[in-house]
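Engineer: structure for the following, please:
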Amino acid sequence: MIRDQFLSMRIFISSILRRTYGNSFSRKMSIDIGGMRLRYKDKDDTFLEKHLVSKEPFGQFKAWFEEACTKKEILEPNAMCLATATKDGIPSARFVLLKGYGKEGFKFFTNYGSRKAKELDENPNVAATFYWEVLNRSIRIEGHIEKISVEESTTYFHSRPVPSQIAACASYQSTPIESRDILCEREKVLEAEYLIPQKEVPKPEFWGGYIIRPRSVEFWQGQRDRLHDRIKFRKPKNGETPDGKLLHQGEEGWVYERLSP
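Structural biologist: Reported below is the predicted structural model:
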């Protein structure tokens, strides 16, 4: 409530200034939003090493992800921001939907002709981030990418609603297009061919899945005093030995450590 009132007041003041000073306001002043902040968890609601449900990252991810799925306020708990980069290191990021996870990695599906796919061909190093505001939690994943099998991609493709299958066929993702009408016309043609007679839509060769093989997975939980909790799982470096103080021995080839906020 207080945050809503604060934002409403800023919007009100901004509108008055615009009416008073006109467009010169937007040209001469930047908008200061430094005062925007949420109250996170209390000091007695910390995320400590003893709270880990698993000493490897996939079990811990499962626990947090399943809790996020129980919160009706989180409409898409499987939405993750995927960051890729060109061979020259120029980054880009977008949201995709996680469609599978386990000890082998994290899976998503896309158009193999898209910008993200072209960057993945050039540079297999990726990062992905989940953020669940209701829980004041985030998970950061870093690793490398691999394509999954055509068979698995086909199975998932046909599990989607038919309109979604048709949309995937109609869109040449990330390519320029003259107007939305072009997409609608492609969709109309495909619907006449597959939807009305209820024929199986063939998976396009340019569509399929990837899996992120993680090198590190960090679990972040926000705290009110900004002394946020960060516990990071990673693969140990050559010759690195856990000391039980800064670096702890995990399971299945992982180690974990607490990071400063």
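Engineer: Gly113 - nearest residue in space that isn't next to it in sequence?
Structural biologist: Counting by Cβ to Cβ, 6 or more residues apart in numbering, Gly113 lies nearest to Phe206, which is 4.8 Å off, once chain neighbours are set aside. Every C-beta, even on glycine, is put in place using the N, C-alpha and C of the backbone.
Engineer: contacts only, for the one you found.
Structural biologist: Neighbour list for Phe206: Asn111, Tyr112, Gly113, Tyr172 [criterion: Cβ atoms under 8 Å, 6 or more residues apart in numbering].
Engineer: could I get those as TSV with distance to Gln221?
Structural biologist: Formatted as TSV, the contacts of Phe206 follow (distance: Cβ to Cβ, whole Å):
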residue	distance to Gln221
Asn111	35
Tyr112	36
Gly113	38
Tyr172	41
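Engineer: among those residues, which are located in strands?
Structural biologist: Among the contacts of Phe206, the members falling in strands (DSSP state E) are Asn111.
Engineer: between the contacts of Phe206, which is closest to Phe130?
Structural biologist: Proximity of the contacts of Phe206 to Phe130 (Cβ to Cβ) peaks at Asn111, which lies at 22.3 Å.
Engineer: quick check, the closest one in contact with Tyr210.
Structural biologist: No - in this structure, Asn111 is not within contact of Tyr210 by Cβ atoms under 8 Å, at 11.3 Å.
Engineer: tell me how far the longest strand along the chain lies from the chain's centre.
Structural biologist: Using DSSP E to define each element, the chain has its longest strand at strand 207-221. Distance of strand 207-221 from its chain centroid, counting by Cα atoms, centre = their mean, to the nearest Å, is 9 Å.
Engineer: okay, strands next: where are they in the stretch 51-200 of the chain?
Structural biologist: 79-85, 91-97, 100-102, 105-111, 125-132, 137-147 (DSSP state E, counting those that start in this stretch).
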